[in-house]
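> the sequence isn't on hand, but the structure is:
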């Protein structure tokens, strides 16, 4: 997914299109395409949800704690759908996989509707791009703290504002405050190999 460089709403629209493409590939029995598109869908959804949980939900919780709790529960259910689909063998149960994808799509649409009602700025709220396959990643696994953070900050300082993709052994929660203080935003998601991939970009505001 590399077309979602604008708002959170635009990301939802793009995710819906990606999900429809997975369903189409599954119905046609194009399994290599199905797997490729599903992995892109899963990665994009994980990054989208991680950004909402880190940058959007905390602000909304101050005035709508119950509603945001429900949104967080939606995210947990979305992840369960993704886990089930990721573990399934679509060639042996194509109808079941398509039905699961349709259920996921219904949940996403309902979730998006609640978000747009709860947050008046949601349709225009800027969000980082989702997966950036064209951007090489710095693999910082295996380094001892604080070396990964030191290298990230050094790369940003000398990168003339260019986006940065990094792979870390786990989610770098202490890094988020340092990035915000320096005018950067980020989104990330767990990797299938157990690491954590983060995309860091200069904030637009």
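Thanks, I have the structure now. Note that this is a predicted model, so its numbers are computed, not measured.
> report pLDDT for the spatially most central residue of the chain.
Among the residues of the chain, the one closest to the centroid is residue 47, at 1.3 Å (CA atoms, centre = their mean). We have a pLDDT of 86 for residue 47.
> hang on, it packs against residue 187?
Yes. Because the distance of 4.8 Å satisfies CB atoms under 8 Å, residue 47 is recorded as touching residue 187. Placement of C-beta: from N, CA and C, glycine included.
> which element is the residue nearest to the centre of the chain on?
Using DSSP states H and E, residue 47 falls within helix 31-51.
> what helices or strands is whichever helix or strand comes after that helix leaning on?
Per DSSP H and E, the first helix or strand lying C-terminal to helix 31-51 is helix 57-61. Packing partners of helix 57-61 (3 or more CB pairs under 8 Å, 6 or more residues apart in numbering; DSSP states H and E): helix 65-87.
> for the helix or strand following the helix it packs on, list every residue counted as buried.
Along the chain past helix 65-87, the next helix or strand (assigned with DSSP H and E) turns out to be helix 94-118. Residues of helix 94-118 classed as buried: 94, 97-98, 100-101, 104-105, 108, 111-112, 115, 118 (neighbour count, 16 or more other CB atoms under 10 Å).
> partners of the helix or strand of the chain with the lowest mean pLDDT, with directions?
For the chain, counting by mean pLDDT, DSSP states H and E, strand 184-190 ranks last in confidence among helices and strands (a mean of 80). If you go by DSSP bridges, strand 184-190 pairs up with strand 196-202 (antiparallel).
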